[in-house]
Each structure stands twice: as structure tokens, then as C-alpha cells.
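>>> I would like the atomic coordinates for the input below:
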Amino acid sequence: MKISQLFYKKILIVITILAILLFGINFYTKKKIENVIQQKFSEKGFEYSGEISVNVLFGNVSIDNIEISKDSLKLKSKEISINDFSYYSFLVNNKISIGKVKVNSSSIEGNLPKETSKPTSENDTLQHKKEEIFIKSIIVNKLNVSVVDAKSHPIKMANINLEITNFDLSENNHKKIPFSYDAVFLEINNFEKKTSEVQAIKFKKFEFKNNDILIDSLQIVPLKSRKNYIYHVPYEKELLDLVAKRIKISDFKIEEKPSLSFTANNIFVDSVFFNLYLNASFLEASKKFKPLYSKNLRDLPFLIDVKNLDIKNSKLIYEEQTKKNSKPGILVFDELNAQIKNINNNDSKTEKLTVANIQTKFMKSSPLKIKWTFDINNKNDDFRITGSLFNVNSKNMSSFILPAYNVKMDGYIHKMFFDFEGNNFVSSGKLNLDFKNFSIKILDDQKKKKKFLSWLANLFVKDTSKNGMVKTKVEELERDKTKSFWNYFWKNIEKGLQKSLI
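Have a look, this model is predicted:
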């Protein structure tokens with residue numbers, strides 16, 4: 001009995017000594033952390049006003065009410081905690097290994113620094129190569145961001161939640177992506193960013209989970225009215241108004257093999273309303289070179305490979321005002337659906353052509369189909385665009401040219417087929433047109449008919465009631481490189497219509 005009591009007393013003494021020792025180590029570690037923060041990090045903008053809690057036995061540290069300042073940026077956090085710090089990994093393998101890093105209730109405010117091209121020295125490279133950090137789980141909860149970019153445009157994000165598993169800074173830190181990971185979950189709510197003096201972009205929710213991206217309620221909104229936006233742009237430029245109900249990107253990956261690459265199996269865009277308004281009566285047209293889509297994709301600073309892009313149940317409206325104090329001409333494309341395959345700028349791809357199939361209704365009633373193919377890596381930017389248009393009445397024909405050019409058309413287009421091939425410099429092709437009872441009315445500024453000019457114009461208008469479909473060729477149409485691809489396409493159609501009708 002005495003031996004047993006003595007044994008328990010010894011155990012109690014050992015436990016007491018260990019507890020005191022552990023308390024002392026915890027106290028010493030806490031003071032050490034406080035001194036390090038005071039001596040090394042306070043001058044770098046790291047401050048805290050709460051408690052530091054340390055548990056050396058389990059490798060846990062938490063700091064409350066943190067504030068970190070860098071230039072004009074300031075990060076505040078209610079709590080940052082580190083759990084399961086591996087002393088063995090740190091002391092034996094010279095590697096920082098942590099079970100969990102958690103950041104709660106944080107905010108970032110201030111001005112983003114301007115981008116500078118700072119050269120990386122050899123010493124910096126060697127220093128980064130020595131860094132080995134592994135964190136099994138990184139969790140950021142309820143992060144709010146309100147910053148201003150280098151162009152003085154505000155950026156706001158609310159309630160950001162982030163979780164990264166198996167974060168490793170020891171394998172790829174010499175590459176463009178300086179870390180690897182197994183999985184990422186990211187959620188951003190109520191994003192707002194001013195992109196220019198006249199436009200802003202917004203979305204209600206962004207979610208990245210299991211390599212899928214979901215964007216809910218994407219918007220590009222005008223910040224100025226149609227009347228006033230022209231005073232805030234240097235040249236003719238469209239005012240955009242876009243609403244996309246839902247965008248889903250499936251199997252999205254960022255890799256280095258060895259170049260930085262973005263891949264996705266499918267991008268699905270649902271229910272887009274897109275309105276473009278151009279006031280061409282006030283400013284001069286831009287003289288800036290506008291590359292074709294193939295060159296834009298070819299010149300991206302990274303590789304891109306999107307297998308499929310599907311646009312469903314959408315609507316596009318284009319309005320252009322060519323005269324002051326007049327109504328804009330309007331083009332409407334309802335029930336717009338598009339399928340685009342093989343958006344790939346990799347030289348080694350097996351399938352060369354990007355193929356876009358578009359189906360829509362022009363002015364609500366006229367079925368329009370387009371097939372458009374091009375090779376992104378072809379430096380001449382060769383393309384081919386074919387299609388058909390049916391049942392266009394005089395009201396729809398005049399919807400754009402009447403306000404813009406004071407020209408009204410009467411008649412009916414039963415069928416139109418087109419097939420054009422071109423490149424960055426010139427295009428050629430053919431247009432076949434079947435129309436009936438066509439006439440032209442040239443109007444004055446009060447929209448009254450100019451009888452003589454209208455009569456003279458109609459002397460040259462053809463009629464297919466006897467001859468059937470008119471077949472015409474468009475040859476050597478030179479591209480205006482300051483205009484978009486769609487302007488280039490329209491010029492081919494316009495040239496074909498002129499030759500068919502007159």
C-alpha cells in the first residue's frame with residue numbers, strides 16, 4: 001500500500017513538473033512571439049490589440065485583433081490561428097509544416113499599388129528556393145474587400161470564403177505558379193468594379209469548387225447616361241449594358257506544362273441580354289488597330305484550351321446614332337444560341353479550326369444561321385463565314401438604315417445565302433438573294449420623301465419576280481483595320497446587296 005501511494009506521489013510530482021514546464025514553455029514562447037512581432041514586424045506594419053494564445057504541446061498559436069499595413073493597404077482580422085505546427089519537420093527537415101491556418105472576420109481596405117516590373121535578383125531567387133512551407137488546410141472566413149486600383153477605380157467584394165487543402169510551397173515555387181494544392185473552394189459575393197469612367201462590372205456570386213466555376217448574375221453596367229457618356233470617352237465607343245443570368249465553367253484547370261495554361265471542358269452561358277449603343281454623331285472614330293479574334297486569342301500571354309462554349313436563350317441589340325437629335329438605328333437578334341468548339345491557341349493542337357455555329361432570329365421574325373470557322377494560329381487570320389437569312393420584311397430592313405441614312409426600303413427578302421472567305425487584309429465571296437417588289441425611298445431630315453431622288457434610285461433596282469434568285473460575287477473587299485470583325489462581315493453583306501439590288 002505504501003509502495004502504491006509512493007508511486008502515485010511520484011507520478012503526481014512528474015505531472016506537476018511537466019505542467020509547470022509546459023506552462024513555462026508556453027509563457028516563454030508567447031513572450032518570444034510578442035518580442036519578435038515588436039522587434040521585427042511592427043516596423044513592417046504588423047500590429048495587434050488582442051491576446052496571443054499559445055499551446056506548444058499541440059503546436060497551436062492564435063492572435064486576436066490583428067492589423068497589417070503595407071503602403072496604403074490595410075488588412076484587419078478578428079483572429080488568425082495556426083494549429084498543429086510540426087516541430088520535427090521544422091527542426092529536422094528545415095520545413096514549415098502546419099495542420100491548419102484559419103483567418104476569421106477580416107477586411108482589406110486602401111489603394112492597390114501600381115504595377116512595376118521589378119527585376120528578380122539571383123539572391124532573391126536563391127532565398128525563395130530555400131522556402132519550404134506545407135499547410136494541410138488554409139481557411140479564410142468572411143473577408144470583405146474595399147480597395148481602389150491604380151487607375152482610381154474602386155473594387156468591392158463582400159463575404160469572401162476560401163479553403164485550400166494541401167498547400168505546398170516546396171515543389172513549384174520557381175515557376176509562374178509558386179505553389180501547388182489539391183483542392184480549392186472560393187466564394188465571392190457582391191463583386192463590384194469600376195472598369196472605366198463609363199462602365200462597371202458586377203456579379204452577385206462567384207463560386208469555384210471541384211474545378212467548376214459558377215457566376216451568378218453577371219452585369220456590365222453603364223455609369224453614365226446615353227446623353228452624357230460621350231463626354232467621358234476619347235473616341236467613338238459603344239456603351240455596354242449586359243446581364244447574364246448564369247455562367248458555368250466545367251473542369252477548369254490552371255497548369256504549367258511547361259507554359260502557363262488555362263483549360264476548360266465546357267463554358268455554359270445562360271440567358272444573356274446584351275445591348276450596345278454607339279453615338280457616332282459626336283466623336284471621331286478610333287484610328288486604333290483592331291485585331292481579328294484569332295489574333296487576340298493567339299497573342300494571349302498564356303495557353304487556352306476550351307473544348308466547348310455554349311450560349312443559350314440570349315438577346316443582342318445594337319443601336320447606332322449617326323445624327324444629332326435623331327433616333328438611333330436598331331438591330332435586334334432574338335432567341336440567340338451559339339456553339340463554339342475548340343478555342344485553343346496551342347501550336348501542337350491536333351484540331352486546327354475553331355468552329356462557331358450561331359442561330360438567331362433577326363428582328364424577332366427572320367431566321368438567321370451562321371457558321372464561322374478560323375484557325376487561331378494562322379498568322380494571316382484566315383476565316384470563312386457562311387449562312388442564311390429568311391423572310392425579311394420592309395419594316396425590319398429599314399429599322400437601321402432609316403434613322404441612320406434617311407433611306408427607307410419597301411419589299412420582301414425571301415431568301416439570302418452568303419459564303420465569304422477572308423483574312424486580315426482582304427475578303428471575297430458570294431451572296432445569293434431572292435427578293436420581291438423592292439423599292440427605295442430617300443427622305444429628307446423631316447422624313448419626307450424626296451420624290452425625284454427616290455424615282456431615280458428605283459430605276460436601278462432589280463426585280464427577281466421574273467428571274468428568280470440573283471447570284472452575285474464580292475471580290476477583293478479590303479478590310480478597314482480600325483473596325484471590328486463584325487463590321488468587316490457586314491461590309492461583305494452590304495457589297496453583295498448592292499450588286500444584287502442595283
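>>> out of everything not next to it in sequence, what's closest to residue 351?
Among residues not flanking residue 351 along the chain, residue 342 sits closest, at 5.1 Å (C-beta to C-beta, 6 or more residues apart in numbering). Quick note: C-beta positions are derived from backbone N, CA and C, even for glycine.
>>> show me what contacts the one you found?
307, 349, 351, 353-355 (C-beta atoms under 8 Å, 6 or more residues apart in numbering).
>>> Secondary structure class of the residue lying closest to residue 359 once chain neighbours are set aside, three-state.
Take residue 359 and drop its neighbours on the chain: the residue closest to it by C-beta to C-beta, 6+ apart is residue 337, 5.0 Å away. Here residue 337 is recorded as strand under DSSP: H, G, I helix; E, B strand; the rest coil.
>>> and the gap between residue 181 and residue 163?
Note on residue 181: its distance to residue 163, by C-beta to C-beta, to the nearest Å, is 10 Å.
>>> ditto for residue 344
Taking C-beta to C-beta as the measure, residue 344 falls 31 Å from residue 163.
>>> The closest residue to residue 292 other than its chain neighbours is in what secondary structure piece?
Counting by C-beta to C-beta, 6+ apart, residue 292 lies nearest to residue 381, which is 4.5 Å off, once chain neighbours are set aside. Assigned by DSSP states H and E, residue 381 belongs to no helix or strand.
>>> With residue 63 instead?
strand 60-70.
>>> immediately after that strand, which helix or strand?
Per DSSP H and E, strand 60-70 leads on to strand 73-85 as the next helix or strand towards the C-terminus.
>>> and the angle for that next one with strand 60-70?
On the basis of axes from the mean of the first three to the mean of the last three C-alpha atoms, to 10 degrees, strand 73-85 is oriented at 160 degrees to strand 60-70.
>>> who does strand 73-85 touch, helix- and strand-wise?
Packing partners of strand 73-85 (3 or more C-beta pairs under 8 Å, 6 or more residues apart in numbering; DSSP states H and E): strand 60-70, strand 96-111.
>>> avg pLDDT for it?
Strand 73-85 carries an average pLDDT of 88.
>>> what does stretch 494-502 give?
For stretch 494-502, mean pLDDT is 76.
>>> Would you mark the buried spots in it?
495-497, 499-501 (16 or more other C-beta atoms under 10 Å).
>>> returning to that earlier point: in which helix or strand does the residue nearest to residue 351 reside?
Assessed by DSSP H and E, residue 342 sits inside strand 329-344.
>>> give me phi/psi at the nearest residue in space to residue 321 that is not next to it in sequence?
Sequence neighbours aside, residue 328 is the residue nearest to residue 321 in space, at 4.0 Å (criterion: C-beta to C-beta, 6+ apart). Main-chain dihedrals, residue 328, degrees, to the nearest 10: phi -80, psi 150.
>>> Distance-wise, check residue 328 relative to residue 250.
38 Å.
>>> Show the residue spans covered by the strands in the stretch 301-450 of the chain.
Along the stretch 301-450 of the chain, counting by DSSP state E, counting those that start in this stretch, strands occupy 303-321, 329-344, 354-362, 366-374, 383-393, 407-422, 426-442.
>>> Can you redo these as a markdown table, where the extra columns are distance to residue 152?
Shown next, in a markdown table, are these (distance: least, C-beta to C-beta, whole Å):
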| stretch | distance to residue 152 |
| --- | --- |
| strand 303-321 | 30 |
| strand 329-344 | 34 |
| strand 354-362 | 37 |
| strand 366-374 | 38 |
| strand 383-393 | 39 |
| strand 407-422 | 41 |
| strand 426-442 | 42 |
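>>> Dump these into CSV; add mean pLDDT and distance to residue 158 as well.
Rendered in CSV, the data for the strands of the stretch 301-450 of the chain read as follows (pLDDT from 0 to 100; distance: least, C-beta to C-beta, whole Å):
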stretch, mean pLDDT, distance to residue 158
strand 303-321, 96, 28
strand 329-344, 95, 32
strand 354-362, 97, 36
strand 366-374, 97, 40
strand 383-393, 94, 43
strand 407-422, 85, 47
strand 426-442, 81, 48
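>>> Thanks a lot, see you next time.
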